[in-house]
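Enquirer: need the 3D shape of this:
(chains A and B)
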Amino acid sequence: MTPKVVLVTGVSRFLGGHLAARFAANPDVERVLGVDTEPPPRDLLRRMGRAEFVRADIRNPLISKVISTANVDTVVHASVTANPPGPTGRTVMKEMNVIGTMQLLAACQKSPKVRKLVVKSTSAVYGTSSRDPAVFTEDMGPKDLPSSGYAKDAVEVEGYVRGFGRRRPDVDVTTLRFTNFIGPRIDTVLTRYFALPIVPTVLGYDARVQLLHSEDALAVLERATMHDLPGVFNVGGDGVLLLSQAIRRAGRLALPVPSAAVPTVGGFFRSARLVDFSPDQMRFLNWGRVVDTTLLKKEFGFTPRWTTQQAFDDYVSGRGLKPLIDPETVDAAERGILDAAARFR
Amino acid sequence: MAGARVIPLHDPERDAARKARHVEVVPEPEQRQSEVPDWERRLTDLLAFARRRIAGDYEVDEFGFDRDLTENVLLPPLKPLYEKWFRVETIGLNNVPMAGGALIVANHSGTVPLDALMTAYGIASEHPAHRPLRGLGADLVFRTPLLGSLARKGGQTLACNADAERLLSSGELVGVWPEGFKGIGKPFKDRYKLQRFGRGGFVSAALKTGVPIIPVSIVGAEEIYPMIGDIKALARLFGFPYFPVTPFFPLLGPLGAIPLPSKWYIEFGEPIRTDTFGENAADDPMLVFNLTDQVRETIQQTLYRLLTQRRNVFLG
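Expert: Here you go, the predicted structure:
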């Protein structure tokens, strides 16, 4: 069933905005509504074409009116975010994530026209610790429930979504658990982190990082909206990069920081407005997280075009990150040493 | 990497060039081999390795196993320990399959899990397929900074059924030491007495994936650090499962940490097939217990036999 009227939340951000633009470009979709608290940046608005922007707060019951008057049949909830908008944004972020989802789901439940709900969730719901298996499948849960931050928000959001699914069994609910996004265009905590010339890491730990190219993320969200594919799916690129390896591929230098000094260093980076790391993202840098994407490929029918490594390389070259150590210098040094060695033969 | 230059993700030329560079590392036709001295070839290898590490140009699997690092950095230092210090002798290495999933189950001893390292080195160096052994380790290993990340890079992962089944079904050689800390941390007077084999989780993992279980008996590892005492207070303080006291440690300080040069034997037993029990066999607790006992008995009997054949702890 192709949706007629699609409502997308979080359109002033990369993912929501570009998703609305994709729906607007699809002639099968009659109407596209984009909701956010602030208008999208101008270039994003231009891309969105015929999509209509509705300046509304999903925390406000008004959203219910938007959904019922526009006869929305498909809701894409893409506004759950890990990136707080500003240094004091954590409380606001939590409210937007959790209260916003509650209101949005309440509005969907009241409107009999709604047939489909697509939720952008995160693999952070699995938590991250030394006692976790190396690879998470969809049926696993976290060993310790995340006590704060984005991961906790996401766990609560998924809880409300499950509740909604029980109350409205006629609605197809697709929950997508994304790994960290990367790409030349998207702006996340991770893209800012790898752009630092000297990248702080936690001494003695090397996280396994699985990434997803932002274009793949858009394609998955689009496919979930256009087709009837209910269920919970992990979404991530194939393959894994170690944090140290990613830093080397980006040509950065790692600065290992002892665990005890991590909060101080994190605070410094936050106050310098470089990267805003929350404690659960810090834990992510310790252990990392890898998810199993068999269901995505077999049942959902989508194979990411970029592997983790390719997505990361695309980000590095797309951002024009200049390596601190030039690979050509390394090659030249290698040749020089070998030539010198040949003379001693 | 200028901003405007388009760098395709999959540039066939670059890939080919990269492959070509790898080829350089491999010894070239015999003619050149005779010309190029051995040290120079080793230097070439070393430099190529260094370049790959600096550029981050290597593959890591989903468990964090870094083959390049393991083969070039982690395993080589074990060679003198394996060949000169413990003079390890392997028996029945042909019982380890050339390919496909298999579960290696061994006894655990020696205060420090050197037996796991030696088994892994033995298979990597002496087995014709040079297979990496993917060990399953305790949570404590992965919680410890440095050790944890090194263990993952060396191919180890957390001992849990999800990881074991994933490795086995993808055709890896997996090693388990079911006695765990009860095994390595047992007092010297209990040497070569197998401890309880956990809950048989390894057997159900093998049953679910239908891979053979290879019982392995290691003789010699019990004598490297004869543990005659355990300082519980210090163990609690550091968060260790035990704090060993040997005749030389902590008495002689770091000198006491040198393992005694016992002579080692590692015997790989006949594989026990698990694919003959049909589906849902892993859910049959009686079968799991029986198989666990069978594996345990086989290892225990082999240990006794090897011990009666051994005339001297240090000379073999």
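Enquirer: chain B contacts on the stretch 101-250 of chain A?
Expert: Selection of the stretch 101-250 of chain A residues close to chain B by C-beta under 8 Å from any C-beta of the partner chain yields A:130-135, A:137, A:140, A:202-206, A:208, A:210, A:239-242, A:244-249. Where C-beta positions appear, they are placed from N, C-alpha and C, glycine not excepted.
Enquirer: distance-wise, check the residue of the stretch 101-250 of chain A found nearest chain B relative to residue A:114.
Expert: Of the residues in the stretch 101-250 of chain A, the one nearest chain B is residue A:204, at a distance of 2.7 Å by C-beta to the nearest C-beta. Distance, residue A:204 to residue A:114, by C-beta to C-beta, to the nearest Å: 49 Å.
Enquirer: more crowded one of these two?
Expert: A direct count of neighbours by other C-beta atoms under 10 Å in any protein chain shown for residue A:204 and residue A:114 places residue A:114 higher, at 25 against 16.
Enquirer: what's the closest non-adjacent residue to the residue of the stretch 101-250 of chain A closest to chain B?
Expert: In space, not counting the residues next to it along the chain, residue A:204 is nearest to residue B:145; the distance is 2.7 Å by C-beta to C-beta, 6 or more residues apart in numbering or on different chains.
Enquirer: does the one you found count as helix, strand or coil?
Expert: At residue B:145, secondary structure determined by DSSP: H, G, I helix; E, B strand; the rest coil is coil.
Enquirer: all helices for the chain, in order.
Expert: No chain was given, so I picked chain A. Chain-ordered helices for chain A, with DSSP state H as the definition, fall at A:14-24, A:42-47, A:62-69, A:90-94, A:100-110, A:149-167, A:189-195, A:214-226, A:243-249, A:262-271, A:279-287, A:294-295, A:308-319, A:327-343.
Enquirer: could you do chain B instead?
Expert: Taking DSSP H as the test, the helices found in chain B are B:12-25, B:30-35, B:38-55, B:67-69, B:78-80, B:114-126, B:139-143, B:147-153, B:161-169, B:180-184, B:201-209, B:232-238, B:285-309.
Enquirer: which stretch among those helices comes nearest residue A:160?
Expert: Residue A:160 lies closest, by C-beta to C-beta, to one member of the helices of chain B: helix B:161-169, at 27.5 Å.
Enquirer: and the residue nearest to residue A:204, how many neighbours does it have?
Expert: Taking other C-beta under 10 Å as the criterion, the count of residues near residue B:145 is 15.
Enquirer: on that earlier part again, so the residue of the stretch 101-250 of chain A closest to chain B touches residue B:146, yeah?
Expert: Yes. Under the contact definition of C-beta atoms under 8 Å, residue A:204 touches residue B:146, with a separation of 4.1 Å.
Enquirer: so where is the chain shaky, pLDDT-wise?
Expert: No chain specified, so I'll use chain A. Low-confidence segments of chain A, defined by pLDDT under 70, are located at A:1, A:83-89.
Enquirer: you answered for a different chain; I wanted chain B.
Expert: B:1-34.
Enquirer: have a look at it and report its longest strand.
Expert: strand B:213-219 (DSSP state E).
Enquirer: for that strand, name the packing helices and strands.
Expert: strand B:102-106, helix B:114-126, helix B:201-209, strand B:265-268, helix B:285-309 (3 or more C-beta pairs under 8 Å, 6 or more residues apart in numbering or on different chains; DSSP states H and E).
Enquirer: got the contact list for the fourth one?
Expert: Contacts made with strand B:265-268 from outside it, assessed by C-beta atoms under 8 Å, 6 or more residues apart in numbering or on different chains, are listed as B:88-96, B:104, B:118-119, B:122, B:214, B:216-220, B:302, B:306, B:310, B:316.
Enquirer: repeat the analysis, applying 10 Å as the threshold.
Expert: With contact meaning C-beta atoms under 10 Å, 6 or more residues apart in numbering or on different chains, strand B:265-268 is reached by B:86-96, B:104, B:106, B:115, B:118-119, B:122-123, B:126-127, B:214-221, B:299, B:302-303, B:305-307, B:309-310, B:316.
Enquirer: now the buried members of those.
Expert: B:86-88, B:90-91, B:95-96, B:104, B:106, B:115, B:118-119, B:122-123, B:127, B:214-221, B:299, B:302-303, B:306 (16 or more other C-beta atoms under 10 Å in any protein chain shown).
Enquirer: who's in contact with whichever residue of chain B sits closest to chain A?
Expert: Closest approach of chain B to chain A (C-beta to the nearest C-beta) occurs at residue B:145, with a separation of 2.7 Å. Applying C-beta under 10 Å, 6+ apart, one finds that residue B:145 lies in contact with A:202, A:203, A:204, A:205, A:256, A:258, A:259, A:286.
Enquirer: what's the answer for residue A:323, then?
Expert: Residues in contact with residue A:323 (C-beta under 10 Å, 6+ apart) are A:248, A:249, A:250, A:251, A:252, A:253, A:316, A:329, A:330, B:1, B:54, B:55.
Enquirer: 6 Å instead, please
Expert: Taking C-beta atoms under 6 Å, 6 or more residues apart in numbering or on different chains as the contact definition, residue A:323 lies against residue A:251.
Enquirer: and it, how far from residue B:197?
Expert: If you measure residue A:323 against residue B:197 using C-beta to C-beta, the figure is 51 Å.
Enquirer: if residue A:31 is in a bridge, with which residues?
Expert: Counting by DSSP bridges, residue A:31 is bridged to residue A:5.
Enquirer: neighbours of it, how many?
Expert: Under the criterion other C-beta under 10 Å, the count of neighbours that residue A:31 has is 18.
Enquirer: which parts of chain B sit against chain A?
Expert: Taking C-beta under 6 Å from any C-beta of the partner chain as the criterion, chain B approaches chain A at residues B:1, B:3, B:7, B:9, B:40, B:43, B:47, B:51, B:54-56, B:60, B:62-64, B:139, B:142-143, B:145-146, B:149, B:157, B:160, B:162-163.
Enquirer: from the chain's centre, how far out does stretch B:272-279 sit?
Expert: Centroid separation for stretch B:272-279 versus its chain: 25 Å, with C-alpha atoms, centre = their mean, to the nearest Å.
Enquirer: pull the residues that contact it.
Expert: Stretch B:272-279 is contacted by residues B:206, B:207, B:210, B:212, B:213 when judged by C-beta under 6 Å, 6+ apart.
Enquirer: check contacts around the last one.
Expert: For residue B:213, the contact set (C-beta under 6 Å, 6+ apart) comprises B:103, B:105, B:206, B:272, B:295.
Enquirer: re earlier: just the buried residues from the contacts of residue B:145, in ChimeraX please.
Expert: Entered in ChimeraX, the line below selects the buried ones among the contacts of residue B:145, by 16+ other C-beta under 10 Å:
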select /A:202,203,204,205,286
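Enquirer: let's have the contacts of residue B:145 in a markdown table, adding distance to residue B:80.
Expert: As requested, these are arranged in a markdown table below (distance: C-beta to C-beta, whole Å):
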| residue | distance to residue B:80 |
| --- | --- |
| A:202 | 33 |
| A:203 | 29 |
| A:204 | 26 |
| A:205 | 29 |
| A:256 | 29 |
| A:258 | 32 |
| A:259 | 33 |
| A:286 | 34 |
